[in-house]
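# build the 3D model from these lines:
(one chain, ligands or ions: 1)
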Amino acid sequence: MHIPFTKMHGLGNNYIYINLFDTELQEEQLVPLAIAMSDVKRGIGSDGIVLIHPSDEGHCGMRIFNKDGSEATNCGNALRCVAKFVYDRGILPYEQFIIATKSGLNYVQVTAQHGLASTITINMGKPAFDRAAMNMKGEPSAHVINEPFVVEGHTLHMTNVFLGNPHAVFFVERIEEAPLHTLGRQIETHDVFLQRTNVEFIEIVSDTEMHFRVWERGSGVTEACGTGACGAVVAAVMNGKCKRGEDVLVHLAGGDLTIKWDDDGDVWMTGPAEFIADGLFFT
Ligand SMILES: N[C@@H](CCC[C@H](N)C(=O)O)C(=O)O
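Numbers count the residues shown, from 1 in each chain. Alright, predicted model coming up:
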């Protein structure tokens, strides 16, 4: 079987996109396909796969699988790439439309240059803070804001934000010292998180600027995480370190995103998306 695919990236967070507007896949193929395609040596190599599919009321739908085959509920960088895919390729040639994900409907605004999407702004929805939303052990309605968290004998201070996906955010003095490789997997798989978590380290530069690094659930260290950057800005506001209602410039390993948590409670993300290649995957 030959599966047509497109590889794209958002600030280096790279996924293989499969267009189900014109390709058919069975549900049982999806997990093995995510693992096989993401493999650098025997597949294409990626942080996971993303399915672009027709959805109700003329919306475009999106599903995201991490490189270990686990399915997530949303992906900020993939939302921008899907927006560029459907806009540039004439599937939804409008500057405003909706992408439906497992975590809800995301409003999209495309800024185009010479007929191609160059910058994409997405409404990422409203954050939640309760342990139930985070799928954590403990009192379901309790929030975790800057609470001591012990992992591998280290006591860190954790803030939890659910923003499309679960995020555990930690402040560091210097971003170069973020313990991504030493504690990322241990925090992701800590038994307090019933469905694991994404892990973010941030260094505050000012109340409108930060550095950011991520260990993603199911994919490990990646160059960028859109829902994570949104969660990090919300966590910084909750801890009195960033301003609500203003653009916050987030420096990720793969480039910059602009994030705003507005006064109505919605979080907005603005950034780029790029095509890498089209191809056929042989199974
Ligand atoms: N890279 C993504 C998030 C992908 C899913 C995540 N690893 C999870 O399992 O929750 C983004 O840009 O938001």
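
# can we go C-alpha only for contacts and neighbour counts from here?
OK.

# partner strands of the helix or strand hosting H53 and their direction?
Per DSSP states H and E, H53 falls inside strand 48-54. If you go by DSSP bridges, strand 48-54 pairs up with strand 13-19 (parallel), strand 60-66 (antiparallel).

# who does I122 form a beta bridge with?
V108, M269.

# just confirm it contacts M269, I think it does.
Yes: the pair I122 and M269 qualifies as a contact (C-alpha atoms under 8 Å) at a distance of 5.3 Å.

# quick one, phi psi at R244?
Main-chain torsions, R244, degrees, to the nearest 10: phi -80, psi 150.

# that one contacts D266, doesn't it?
No: with contact defined as C-alpha under 8 Å, R244 does not reach D266; the gap is 10.6 Å.

# neighbour count winner among those two?
The neighbour comparison of R244 against D266 (other C-alpha atoms under 10 Å) goes to R244, with 21 against 14.

# distance of the more buried one from V233?
Applying C-alpha to C-alpha, to the nearest Å, the value for R244 to V233 is 9 Å.

# what does the stretch 101-250 of the chain have sitting close to the ligand?
N165, N198, E216, R217, G218, C225, G226, T227, G228 (C-alpha under 6 Å from any ligand atom).

# buried ones in stretch 156-170?
Residues of stretch 156-170 classed as buried by neighbour count (16 or more other C-alpha atoms under 10 Å): 157-170.

# alpha carbons of that stretch, as PDB, please.
Only the C-alpha atoms of stretch 156-170 are listed here, as PDB (Å, rounded to 0.1, in the frame of the first residue of the first chain):
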ATOM      1  CA  LEU A 156      10.900  21.600  42.000                       C
ATOM      2  CA  HIS A 157       8.000  24.000  42.000                       C
ATOM      3  CA  MET A 158       5.300  23.000  39.600                       C
ATOM      4  CA  THR A 159       2.300  24.800  38.000                       C
ATOM      5  CA  ASN A 160      -0.200  22.700  36.000                       C
ATOM      6  CA  VAL A 161      -2.200  24.000  33.100                       C
ATOM      7  CA  PHE A 162      -4.500  22.100  30.700                       C
ATOM      8  CA  LEU A 163      -4.500  23.900  27.400                       C
ATOM      9  CA  GLY A 164      -5.500  21.400  24.700                       C
ATOM     10  CA  ASN A 165      -3.100  19.000  26.400                       C
ATOM     11  CA  PRO A 166      -1.800  18.600  30.000                       C
ATOM     12  CA  HIS A 167       1.300  20.700  30.900                       C
ATOM     13  CA  ALA A 168       3.600  20.800  33.900                       C
ATOM     14  CA  VAL A 169       5.500  24.100  34.000                       C
ATOM     15  CA  PHE A 170       8.600  24.900  36.000                       C
END
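
# and the contacts of that stretch?
72-75, 103, 124-129, 133-135, 143-150, 171, 197-202, 227-228, 230-232, 234-235 (C-alpha atoms under 8 Å, 6 or more residues apart in numbering).

# buried subset of the residues you listed as a ChimeraX selection?
Those of these that count as buried under 16+ other C-alpha under 10 Å are selected in ChimeraX with:
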select :72,73,74,75,124,125,126,127,128,129,133,134,135,143,144,145,146,171,197,198,199,200,201,202,227,228,230,231,232,234,235
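
# give me the subset of the contacts of stretch 156-170 that lies in strands.
Counting by DSSP state E, the part of the contacts of stretch 156-170 found in strands is A72, E147, P148, F149, V150, F171, N198, V199, E200, F201, I202.

# what bridges to the fourth one?
If I follow you right, that is F149. As assigned using DSSP bridges, the partners bridged with F149 are L156.

# next up, phi/psi of the residue in the stretch 1-150 of the chain positioned nearest to the ligand, please.
Here the stretch 1-150 of the chain gets closest to the ligand at one residue, C75, 3.4 Å apart by C-alpha to the nearest ligand atom. Note on C75: its backbone torsions stand at phi -160, psi 110 [degrees, to the nearest 10].

# before we move on, back to that, list the buried ones in the strand holding H53?
So, applying 16+ other C-alpha under 10 Å, buried residues of strand 48-54: G48, I49, V50, L51, I52, H53, P54.

# want to throw those into CSV with pLDDT and distance to D256?
Converted to CSV, the buried residues of strand 48-54 look like this (pLDDT from 0 to 100; distance: C-alpha to C-alpha, whole Å):
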residue, pLDDT, distance to D256
G48, 98, 21
I49, 98, 23
V50, 98, 22
L51, 98, 25
I52, 98, 25
H53, 97, 28
P54, 95, 30
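
# can you lay out those as TSV showing distance to G279?
What follows is the buried residues of strand 48-54, written out as TSV (distance: C-alpha to C-alpha, whole Å):
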residue	distance to G279
G48	16
I49	14
V50	15
L51	15
I52	16
H53	18
P54	21
